[in-house]
Structures are given as structure tokens and as C-alpha cells.
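J.: Based on what follows, work out the 3D shape:
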Amino acid sequence: MPETILCLASYFKGGAFIEECKQQGLHTILITTDDLQDEAWPREAIDEFFTFPGPNLSRQPDITYAVSYLARDRQIDRIIALDDYDVETAAALREHLRTPGMGSTTARYFRDKLAMRVQARDHGIPVPDFVHALNYDRLREYMASAPPPWVLKPRSEASAMGIKKISHPDELWTHLEALGDRQSFFVLEKFLPGDVYHIDSIISEKEVVFTRSHKYGMPPMSVYQGGGVFVTGSVPRGGEEDLALQELNRQIVEAFGMVRGVTHTEFIRAHEDGRFYFLETAARVGGAGTDMLIQAESGVNLWREWAKIEVNYLRGAPYRAPVTQSNYAALMVCLTGEEWPDVSRFDAPEIVWRMPKAHHVGMVVASPGYDRVQQLVSEYVPILASDYMAVAPPMESATGE
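T.: Numbers count the residues shown, from 1 in each chain. Model (predicted):
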């Protein structure tokens, strides 16, 4: 009987991970939500396909009951969260079934914005000044000592969902009153104007074996809440930004106890003092086409490498880091009013991927030359902004509430 891997997916993603597991000879099980059952999952690579009432897979004790039922006549060897929202669920299931992998305590560092800030701060990694939205005296002391503006962030949402910018203490109390009993699930943080970066990594047995550093065109919070073209691209390899990000990333991986898998970590370089500050991290492949950006610049498919790490661990074999290419690349994405707009005007030979998603225009450009990539970004982004971009109101949570 081949080894069995159970994948959880509250969003449609991770097809390449499943395909690689099947290619490596594993028995693959996918659990996703009812509303995602008709998506283009790689059915030929999935041995067993199950759906769960949405909006995600976190409802307890139902998901534990369901997976435990499957385990009655299946030996589940690994449980993998393909989406950010499934990281804690997968950890809880591993704890319950006693399967190897990241447990609940470590998983909190990759999902809970308060836990990750405390852990980073306690290990000497710079973070914006913050306070838990819990004790009112501490909140008053914080606001008296840390000048506004601040941002009120949900501890367990992904990306910029649910973030509120606060300019005056009265605004905070109004928001907290509206939150009611949910106040303690938020953290208040100093708003730092600056440039936002992300670094994407492969970790094998606690060692960072692959990284790529990137800089956003605009902070993701600004794009998500105010609209705009989402842009991210390579930073010059071996330059001052790249080296600083790699060192901070290494410290995060060590402090947070990541053993194996992939990470997507964000930092901000404050305009005020030029220092890099840790913002957040996730035990997943970056979304919105980030995986295609990294593949274009390095030749590495993060989903497939992650699968190889898991398979090798199961079989007691060492993981060998992939041979990489040395391109530069940029990803550009925007919402559109048209379902499938005409994008034929974007015809540069450096376009290596186009986003196949309705009401979106997205592409990755890649070149051996950093300057050529920057030239294409400066040419294409204004066209996307003026002729294609639509703006949708931001959701407060992944459920749209």
C-alpha cells in the first residue's frame, strides 16, 4: 500500500503539489469545500475527493470527526494545508491523529499575527510597536506612548483583510465597541509608512535551502483597500536589500521553529529610519501568482518542491535543493470590469505567464536583465491602471462578512 497524503484546501490552489505527490507514487486524498468541488482540480492525480460544508474547513469538531472517520480504514501518513486558512486545522488534526508535522503551537506563529509578533520581538527581530487589543489600560498607555496612526489587524485573517487604519483614540474605541466579544482577536500596531517586501523560501530540516526576495510596487494593504495594480518583482540579487532580507528571514525560520516546507514572509522598510521590520509570515506558497513569479525567475516550482520535501521525509531520503536559474521577473495583476478583456496589446516576448482568471488581468514578465523587467513594469502598469482596472470593496474576512 503506498503512503497516503491528505490535503486540505479551503481555496482552489495547490494542484501542482497534488500532481507531484501522485507522480511520486503516493495515494492522494483531497478535502475541499462544497463550493469548490467543480473547480479544475487535477482529478487524474487525486485518488479520493471529498467535500466539506463551507466556507472553510475549520469547523470543529466536524472536521476532526470527518478525518477520523476516513482514518478508520486508511493509514494517513501526512496531512498538508494547501491554504493559509487550513494551517491551524491541519495542525490540530496532526495532533489528534498523532501524525508527523507542524503542531498547534508552532502553527500559531504562522497564522496568529499577535503570536508571531511576540515571538519575533522576543528573539530580537525588529517589529512595529504593537499591543494586544485586550486590556484597556494597556491600550491607553500604548496610544499615549506611540503616536498615531495605528492599524487594527485581525489576528488570523490572510493578507490585508479586515485591517483598519486608526488616526485617533476615539476611532479605536468605536471599532472595539462594534467588535464586541471579538476584540481580543485583534492586535493594534504602529502604522509605518515604507516599502513592503516579501521573501519566499523552501525549508528542509530547519535549513533555508532556497529563497527569492521581492519588493511590492505598492503595499498590499493599499492595493487591497484602495484599489490599484498589484505589482511585485525581484530585487537585485546579492544587493543590500536582498542580503538584509535573507538574514532576517533566516532568523524568522529559526525563531518560529519551521522544520520543513515553504514560507512566505513580509517585511517593511520604514521611510523614517530605513530599517527593515517584520510584518508577518505564512507556512504556504504565496498567492495571486507569486508561485509563477518565482518559477519565472528561478525555474523552481514551489508547490512541487514542497511535495518532494514531504515525500522524501516520509521515505527517509534526503531532499536535494533544486538547480536554479538567474532571471529577474515581475508580476502584475488587476481586477477588471470585463470578464475576459482583450489583452493582445501586452505582447512583449518577455511575458512568460498570463493569469487564467475571470475579471482579472495578470501576467509575469521575465528577463536576464533587471532593467528590462523594470522597463516593462513602468510601461504596462499605467496601461493596466487607466484602461483595465476595476475596484471592488474590500472584504472584512474570507467569508465576505
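J.: most centrally placed residue in the protein?
T.: For the chain, the residue sitting closest to the mean C-alpha position, by C-alpha atoms, centre = their mean, is G286 at 4.2 Å.
J.: distance of it from E95?
T.: Separation of G286 from E95 (C-beta to C-beta, to the nearest Å): 26 Å. C-beta coordinates here come from the backbone N, C-alpha and C atoms, glycine included.
J.: And A40, by the same measure?
T.: 32 Å.
J.: Neighbour count: these two, which is higher?
T.: E95 (16 against 8; other C-beta atoms under 10 Å).
J.: what phi and what psi does the backbone show at the more buried one?
T.: Per-residue torsions, E95: phi -60, psi -40 (degrees, to the nearest 10).
J.: Also R354?
T.: Per degrees, to the nearest 10, the backbone of R354 is at phi -120, psi 140.
J.: Tell me who's in contact with it.
T.: V343, G362, M363 (C-beta atoms under 8 Å, 6 or more residues apart in numbering).
J.: Would you verify that the last one is located in a strand?
T.: Meaning M363. Yes - using DSSP: H, G, I helix; E, B strand; the rest coil, the assignment for M363 is a strand.
J.: The chain should start at 8 in everything you say after this.
T.: With 8 as the first residue, the last one maps to M370.
J.: For it, which residues count as its bridge partners?
T.: M339, R361 (DSSP bridges).
J.: ok so, going back, quick check, nearest of the contacts of R361 to H278?
T.: Lowest distance from H278 to those (C-beta to C-beta) belongs to G369, with 28.5 Å.
J.: List the buried residues in stretch 272-284.
T.: T272, E273, F274, I275, R276, A277, F283, Y284 (16 or more other C-beta atoms under 10 Å).
J.: next one: stretch 134-143
T.: Buried, per 16+ other C-beta under 10 Å, within stretch 134-143: V134, P135, D136, F137, V138, H139, A140.
J.: Need the pLDDT of the first one.
T.: At V134, the model reports a pLDDT of 97.
J.: and it, what does it touch?
T.: R124, A127, R128, Y284, F285.
J.: Tell me how far the third one lies from A397.
T.: Spelled out, that is R128. 39 Å.
J.: For this protein, which element, helix or strand, carries the lowest mean pLDDT?
T.: helix 227-233 (a mean of 66; mean pLDDT, DSSP states H and E).
J.: picking that back up, tell me the one of the contacts of R361 nearest I209?
T.: G369 (23.8 Å).
J.: where's the closest one relative to P107, distance?
T.: From G369 across to P107, the span is 36 Å (C-beta to C-beta).
J.: thought the residue nearest to the centre of the chain was touching I206?
T.: No - in this structure G293 lies outside contact range of I206 using C-beta atoms under 8 Å: 9.8 Å.
J.: show me what contacts I206?
T.: T218, R219, S220, H221, L252, Q253, N256, T272, F274.
J.: and the fourth one, what does it touch?
T.: Same thing as H221. Y204, H205, I206, D207, T239, G240, S241, V242, T297, L300.
J.: now the helix or strand where the first one lies: mean pLDDT?
T.: If I follow you right, that is Y204. Here Y204, judged by DSSP states H and E, is contained in strand 201-211. What strand 201-211 shows for mean pLDDT is 96.
J.: tell me which residues of the following helix or strand past that strand are tucked away?
T.: Using DSSP H and E, the next helix or strand after strand 201-211 towards the C-terminus is strand 214-223. By 16+ other C-beta under 10 Å, the buried positions in strand 214-223 come out as V215, V216, F217, T218, R219, S220, H221, K222, Y223.
J.: Sort out which one of those residues lies nearest F193 for me.
T.: Using C-beta to C-beta, Y223 is the member of the buried residues of strand 214-223 that sits closest to F193, with 23.7 Å.
J.: re the thing from before, which two from the contacts of H221 end up farthest apart in space?
T.: V242 and T297 (14.3 Å).
J.: Partner strands of the strand holding Y204 and their direction?
T.: When DSSP bridges is applied, strand 201-211 pairs with strand 214-223 (antiparallel), strand 268-277 (antiparallel).
J.: Next, format those as TSV and append distance to M150 and mean pLDDT.
T.: Below are the strands paired with strand 201-211 laid out as TSV (distance: least, C-beta to C-beta, whole Å; pLDDT from 0 to 100):
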stretch	distance to M150	mean pLDDT
strand 214-223	28	96
strand 268-277	20	97
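J.: Kindly reformat these as a markdown table containing distance to T40.
T.: Below are these laid out as a markdown table (distance: least, C-beta to C-beta, whole Å):
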| stretch | distance to T40 |
| --- | --- |
| strand 214-223 | 29 |
| strand 268-277 | 22 |
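J.: who wins for proximity to L13 among the ones you listed?
T.: Among these, the nearest to L13 by C-beta to C-beta is strand 268-277 (15.4 Å).
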